[in-house]
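Asks: Generate coordinates for the sequence data below:
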Amino acid sequence: MTEQPAPVGRPTRELVLDSEGIPAPVMIALEARAAGNSWKQSAEIAGVAVTSLREWRKHAIVRDTLNEMVRDKLAGATATLVDATPLLAKELISLAMDSRNKPYSRVNAMALVFQTVATHLIDQSQQEQMAELKQQLERLEAGAPIDV
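Replies: You can find the predicted model right below:
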């Protein structure tokens, strides 16, 4: 006979937890929530009452754990998008250059290519300006003269 885990109830008001102190069902619910499920769906997935989950959410460590899980998911999604960028750029260029495509599709693709290049150039220029300002600030803090 398999042993059933003890049900997870509401936490006591004066409960102080570290990340290892969060019960496994609540962690499962947090993972489900970070994956995009609603709070109700997350509670059902974890087998926890929604009201209990609401009470657990009031604790800072639970909120911090959820925020960290969401950041991890976003970082993974961003990495996937960045990895696909060269292929997407090639596809966008081929769409813009293919005369068999409708003109409005080609124009939109061309505009997006130019917008992307312009954004990159602006970002690069701003990064160079920020680096220059940081150097000037460091010189100022060191007491050296500043070139204006």
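
Asks: so which helix or strand takes in E138?
Replies: E138 is part of helix 103-142 when elements are defined by DSSP states H and E.

Asks: What's the mean pLDDT across that helix?
Replies: Across helix 103-142, the average pLDDT comes to 90.

Asks: Going by contacts, tell me the helices and strands next to that helix.
Replies: Here helix 103-142 touches helix 60-97, going by 3 or more Cβ pairs under 8 Å, 6 or more residues apart in numbering; DSSP states H and E. All C-beta atoms are positioned from the backbone trio N, CA, C, and that covers glycine.

Asks: Now do the buried residues in the helix it packs on.
Replies: Buried residues in helix 60-97, counted by 16 or more other Cβ atoms under 10 Å: 61-62, 65-66, 69, 92, 95-96.

Asks: now it, how far from the centre of its chain.
Replies: 8 Å (Cα atoms, centre = their mean, to the nearest Å).

Asks: what's the answer for stretch 103-123, then?
Replies: How far stretch 103-123 lies from its chain's middle: 25 Å, per Cα atoms, centre = their mean.

Asks: And stretch 137-148, by the same measure?
Replies: Between the centre of stretch 137-148 and the centre of its chain there are 37 Å (Cα atoms, centre = their mean).

Asks: Show me where the chain dips below the pLDDT cut-off.
Replies: 1-20, 146-148 (pLDDT under 70).

Asks: Helix 60-97 and the helix holding E138, what's the angle between them?
Replies: 130 degrees (axes from the mean of the first three to the mean of the last three Cα atoms, to 10 degrees).

Asks: Contact partners for M69?
Replies: Going by Cβ atoms under 8 Å, 6 or more residues apart in numbering, M69 touches 30-31, 33-34.

Asks: Reformat these as a markdown table; add neighbour count.
Replies: Shown next, in a markdown table, are the contacts of M69 (neighbours: other Cβ atoms under 10 Å):
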| residue | neighbour count |
| --- | --- |
| L30 | 24 |
| E31 | 17 |
| R33 | 21 |
| A34 | 19 |
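
Asks: Let me have those residues in a markdown table, extended by secondary structure and distance to E44.
Replies: Below are those laid out as a markdown table (DSSP: H, G, I helix; E, B strand; the rest coil; distance: Cβ to Cβ, whole Å):
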| residue | secondary structure | distance to E44 |
| --- | --- | --- |
| L30 | helix | 14 |
| E31 | helix | 13 |
| R33 | helix | 12 |
| A34 | helix | 16 |
